[in-house]
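**Q** What follows is a protein structure lacking sequence information:
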Ligand SMILES: [Ca+2]
Ligand SMILES: [Ca+2]
Ligand SMILES: [Ca+2]
């Protein structure tokens with residue numbers, strides 16, 4: 001069969017289009033609590049007393065025990081989030097249906113994330129006593145101290161997570177390729193860091209939550225915008241909760257979820273979980 005120049009051109013366009021459509025998977029738009037891989041974060045809780053994982057409309061399973069820290073991520077590249085726990089007392093990582101491993105010791109904070117572009121999440125720990133970050137089979141470095149809250153994520157639009165800490169309003173972000181650390185200010189010592197892709201820039205922007213006030217800093221202009229959702233005592237659970245492909249401001253209050261539409265500002269409320277449950281969209285439980 002003879003292929004005309006015109007046909008070849010259209011084939012090239014089709015092939016390039018196909019490649020472009022598949023290669024770009026921005027880390028910051030990932031929804032790490034997406035157990036059914038539909039692109040929307042799931043309403044889900046972990047109940048420490050029984051090890052229950054309750055994932056709304058999807059499943060209820062028991063995995064882990066009291067004292068375990070839920071660390072849901074996609075560890076094996078299925079694109080669906082895996083049920084997983086870290087056991088501080090022994091450094092055990094259990095990834096349901098896959099494997100278990102020992103990595104880290106008592107006192108370590110689990111910081112699993114996508115530290116390698118194009119790879120699923122890596123097992124990783126932050127050691128507050130020394131500031132050590134250790135990413136299994138990949139790298140280690142020092143950033144932060146015992147006062148730091150680790151907030152790894154993609155702050156540099158590199159499609160990979162980088163080491164980052166929040167400490168009483170000071171943010172330290174480590175450029176993963178150069179190791180250079182840059183410092184920014186947003187928030188104070190009673191704020192919860194809630195970095196997210198708040199400005200739809202395919203990278204994380206700095207943000208804080210304090211008693212219902214959300215402060216979000218545009219990374220290029222430095223301008224801070226304020227929004228209001230929730231109250232004192234609420235746990236912020238921002239995630240891509242709706243099919244708008246945008247991060248939602250959201251809070252968890254003892255089984256109540258308030259989720260704000262990022263375009264209209266309308267708030268939807270639902271009830272799932274109870275007072276002692278850990279919502280799985282929150283910062284320290286695998287949001288990053
Ligand atoms: Ca989902
Ligand atoms: Ca998976
Ligand atoms: Ca404050």
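**A** Nice, I can see it. Because the structure is predicted, anything quoted here is derived from the model rather than measured. Numbering: from 1, shown residues only. Ligands and ions are numbered 1, 2, ... in the order given.

**Q** Check whether residue 38 sits in a helix, strand or coil.
**A** coil (DSSP: H, G, I helix; E, B strand; the rest coil).

**Q** Distance of it relative to residue 255?
**A** 23 Å (CB to CB, to the nearest Å). Any C-beta I mention is one placed from the backbone N, CA and C, and that applies to glycine too.

**Q** give me the low-pLDDT residue ranges for the stretch 1-150 of the chain?
**A** For the stretch 1-150 of the chain, the stretches with pLDDT under 70 are 1-31.

**Q** and if we set it to 50?
**A** 1-30 (pLDDT under 50).

**Q** Which stretches in it count as strands?
**A** Taking DSSP state E, counting those that start in this stretch as the criterion, the stretch 1-150 of the chain carries its strands at 44-47, 52-55, 59-62, 69-70, 84-87, 92-95, 99-102, 109-110, 124-127, 132-135, 139-142, 149-150.

**Q** Include mean neighbour count when you put the ones you listed into TSV, please.
**A** Listed next are the strands of the stretch 1-150 of the chain as TSV, based on neighbours: other CB atoms under 10 Å:
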stretch	mean neighbour count
strand 44-47	24
strand 52-55	20
strand 59-62	12
strand 69-70	22
strand 84-87	24
strand 92-95	19
strand 99-102	12
strand 109-110	22
strand 124-127	23
strand 132-135	20
strand 139-142	14
strand 149-150	22
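
**Q** thought residue 212 was touching residue 234?
**A** Yes. Shown here, residue 212 and residue 234 form a contact pair, counting by CB atoms under 8 Å, at 6.8 Å.

**Q** Name the residues contacting each of these two.
**A** residue 251 (CB atoms under 8 Å, 6 or more residues apart in numbering).

**Q** quick one: which of the two has more around it?
**A** Between residue 212 and residue 234, residue 234 has the larger neighbour count (other CB atoms under 10 Å), namely 19 against 15.

**Q** The more buried one and residue 251: what is the separation?
**A** For residue 234 relative to residue 251 (CB to CB), the value is 4 Å.

**Q** what residues are shared contacts of these two?
**A** With CB under 8 Å, 6+ apart as the test, residue 234 and residue 251 both reach residue 212.
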